[in-house]
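[1] after the sequence you'll find the predicted model.
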Amino acid sequence: MPATILIVDDEKHTREGLQLALEDTYDVYLASNADQAFNLLDSQPFDVVLTDLRMSGKSGMKVIDEALSQSHKPVCIMMTAYGNVETAVEAMKRGAFDFLTKPVNLERLEILIKRALNSKQIKSENKVLRQRLDHKFGFKGIIGNSAALQAVINRVQLVAPSRATVLLEGETGTGKELIAQSIHQNSNRSRKPFLAVNCAALPASLLESELFGHEKGAFTGAVAKRIGRFEAVQGGTLFLDEIGEIDASTQIKLLRFLETKTFERVGSIKSISVDVRLVCATNRDLKAHVDKGDFREDLYYRLNVVSIILPPLRERKEDIILLLDHFLRFYAKENGVKIPQVDSGALKVLEGYRWPGNIRELRNFAENTVVLHRGGTITEYNLDHRFFEGNSAVTLNPGRVQNLSMKENEKHLLRQALVKAKGNRTKAAQLMGISRRTLHRKLLQWPELDFIGKTEMG
């Protein structure tokens, strides 16, 4: 669909000349004065408004004001005589995209319109992206109804608007980076950058340069000046994951930044001042490392202005099914397949599992399930034996199957044997008191059991 352009000019030959030049590419509408323009702006949305400055009646400035008051804001371009350039500049300050001097150069006009439409598209895409970010990293993007998670969200709501440094503590895979981004997205820095650095992923010799930058020749291989993450995220939020891994030298520079909001690039003595909010995370007991002398006590207290402890998944069991449903839907859409169904027996096993890898392990399990069981139904027989080991929700005893038929009972007992043998067919046959050949024959009868121990899910 071609872009729509409204041309506003009280000179008939100018209006019609511009229309003739543009109508092969765009849908062009004409107005001979501001009042006509107002009526057209009220009746439909326009992509571009091209208006003369000086007209009989209301001026082009009023047209721009009216156009920019619309919910669907067009890009405005002012046309003016040479003697009115200062007024045109004033129009730009009030929201106009650019201006042209009369007589209008048609080649420049077409270039300017293309630029204006490109600018409008970029703004629209940025608005959509921002809305997606607000949804993903706002509180609605955090999945779960458990009391443990709600306590975390309540704390995030309190700390996000502040300038306080935050320390996120919790096991690996509990969603610390998601919470860090939620803190940023719900702060007054949300329109500024958010950058994440995994301190454990970089050797100590590079981490200092990565964070604070370096000057040319500061060390071997420093062939040019480099801007560090602190400078790059000016006005925004810097998330330092695995903060417990940083060495003594970087700890000192980080402490100085927290105290003075200044730092020096590696190889420089010039102090640089930045406005950056720091959110850190660790899966270690930092206080214990302070007591052992591995981590500076003064830095620990500077980082730990506000502490948020993220609960492991085993402490928020009521969220497991919600998270599983979310990830199954996500990966099914990503892979273009139907969403697998998980029956009540499998759900009971998954709820009772301890999930040592937390949300990361659950997400991996969901993706694996989508890929291997495209739109099928997952039963407990499809689950790997690891989901049953030490699982309080599963009681593998005759009482569990006493109301089943003989065939179903045998299937459950075979399942128990395979789980107890961790998928080892020979051991499972011995536990059942049957030969391996007989066990193999029964697995042909129930192929879903043959999955146990052969494929790790998650």
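    Good, I have the coordinates.

[2] grab the nearest non-local neighbour of V63.
    Using CB to CB, 6 or more residues apart in numbering and skipping residues adjacent in sequence, the residue nearest V63 is T51, 4.5 Å away. For every residue, glycine as well, the C-beta is placed using N, CA and C.

[3] meant to ask about G144
    D319 (3.6 Å).

[4] OK, contacts around that neighbour?
    Residues near D319 by CB atoms under 8 Å, 6 or more residues apart in numbering: 143-146, 149, 313.

[5] PyMOL command for the buried members of those?
    In PyMOL, this line selects whichever of the contacts of D319 come out buried by 16 or more other CB atoms under 10 Å:
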select buried, resi 143+144+146+149+313
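
[6] take the contacts of D319 and write them to JSON lines, including pLDDT and distance to V223.
    Conversion of the contacts of D319 to JSON lines gives the following (pLDDT from 0 to 100; distance: CB to CB, whole Å):
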{"residue": "I143", "pLDDT": "86", "distance to V223": "46"}
{"residue": "G144", "pLDDT": "86", "distance to V223": "48"}
{"residue": "N145", "pLDDT": "87", "distance to V223": "53"}
{"residue": "S146", "pLDDT": "90", "distance to V223": "52"}
{"residue": "L149", "pLDDT": "91", "distance to V223": "48"}
{"residue": "L313", "pLDDT": "94", "distance to V223": "46"}
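
[7] out of the contacts of D319, the closest to E171 would be?
    Minimum distance to E171 across the contacts of D319 is 8.8 Å, recorded for L313 (CB to CB).

[8] hang on, the closest one packs against Y353?
    No. L313 is not in contact with Y353 according to CB atoms under 8 Å; the separation is 9.0 Å.

[9] which secondary structure element is home to T87?
    helix 85-93 (DSSP states H and E).

[10] off-centre distance for that helix?
    Taking CA atoms, centre = their mean, to the nearest Å, one finds the center of helix 85-93 at 40 Å from the center of the full chain.

[11] what residues does that helix touch?
    The contact list for helix 85-93 (CB under 8 Å, 6+ apart) reads 53, 60-61, 64, 76, 78, 80, 96, 98-99, 101.

[12] just stretch 373-382 next, same as before
    332, 335, 337-343, 345-346, 348-349, 369, 415, 446, 448-449, 451-452.

[13] alpha carbons of the helix holding T87, as PDB, please.
    What follows is helix 85-93, C-alpha atoms only, in PDB (Å, rounded to 0.1, in the frame of the first residue of the first chain):
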ATOM      1  CA  VAL A  85      14.500  29.900   7.200                       C
ATOM      2  CA  GLU A  86      14.600  30.900  10.900                       C
ATOM      3  CA  THR A  87      10.900  30.300  11.200                       C
ATOM      4  CA  ALA A  88      11.300  26.900   9.500                       C
ATOM      5  CA  VAL A  89      14.000  26.000  12.000                       C
ATOM      6  CA  GLU A  90      11.500  27.000  14.800                       C
ATOM      7  CA  ALA A  91       9.000  24.600  13.200                       C
ATOM      8  CA  MET A  92      11.600  21.800  13.400                       C
ATOM      9  CA  LYS A  93      12.000  22.500  17.100                       C
END
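
[14] model confidence over stretch 436-449, on average?
    In this model, stretch 436-449 has an average pLDDT of 81.

[15] correction: stretch 120-133
    Averaging pLDDT along stretch 120-133 gives 57.

[16] so which of the contacts of helix 85-93 comes closest to I113?
    Distance to I113 across the contacts of helix 85-93 (CB to CB) is lowest for D98, with 9.9 Å.

[17] just to check, the closest one is in contact with L112?
    Yes. The pair D98 / L112 is scored as a contact, 5.7 Å apart, by CB under 8 Å.

[18] picking up where we left off before, how about the contacts of helix 85-93 in CSV, adding pLDDT and neighbour count?
    CSV is the format used below for the contacts of helix 85-93 (pLDDT from 0 to 100; neighbours: other CB atoms under 10 Å):
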residue, pLDDT, neighbour count
L53, 86, 23
G60, 87, 29
M61, 88, 19
I64, 90, 25
C76, 91, 27
M78, 86, 28
T80, 82, 21
A96, 84, 23
D98, 84, 17
F99, 83, 21
T101, 82, 16
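
[19] are any of the contacts of stretch 373-382 buried, and if so which?
    Neighbour counting with 16+ other CB under 10 Å marks 332, 339-340, 342, 346, 349, 369, 415, 449, 451-452 as buried within the contacts of stretch 373-382.

[20] where are the low-confidence patches of the stretch 101-250 of the chain?
    By pLDDT under 70, the low-scoring segments of the stretch 101-250 of the chain are 122-141.

[21] swap in 90 and give it another go.
    Applying pLDDT under 90 to the stretch 101-250 of the chain flags the ranges 101-145, 185, 190-193, 202-206, 215-228, 232.

[22] returning to that earlier point: among the contacts of stretch 373-382, which lie within strands?
    Using DSSP state E, 341-342 are the members of the contacts of stretch 373-382 that sit in strands.

[23] from the contacts of stretch 373-382, which land in helices?
    332, 335, 345-346, 348-349, 369, 415 (DSSP state H).

[24] identify the farthest-apart pair in those residues.
    Greatest spatial distance among the ones in helices among the contacts of stretch 373-382 (CB to CB): N335 and R415, at 28.9 Å.

[25] which ones are touching the closest residue in space to N33 that isn't next to it in sequence?
    Take N33 and drop its neighbours on the chain: the residue closest to it by CB to CB, 6+ apart is G57, 5.0 Å away. By CB under 8 Å, 6+ apart, the residues touching G57 are 10, 33-35.
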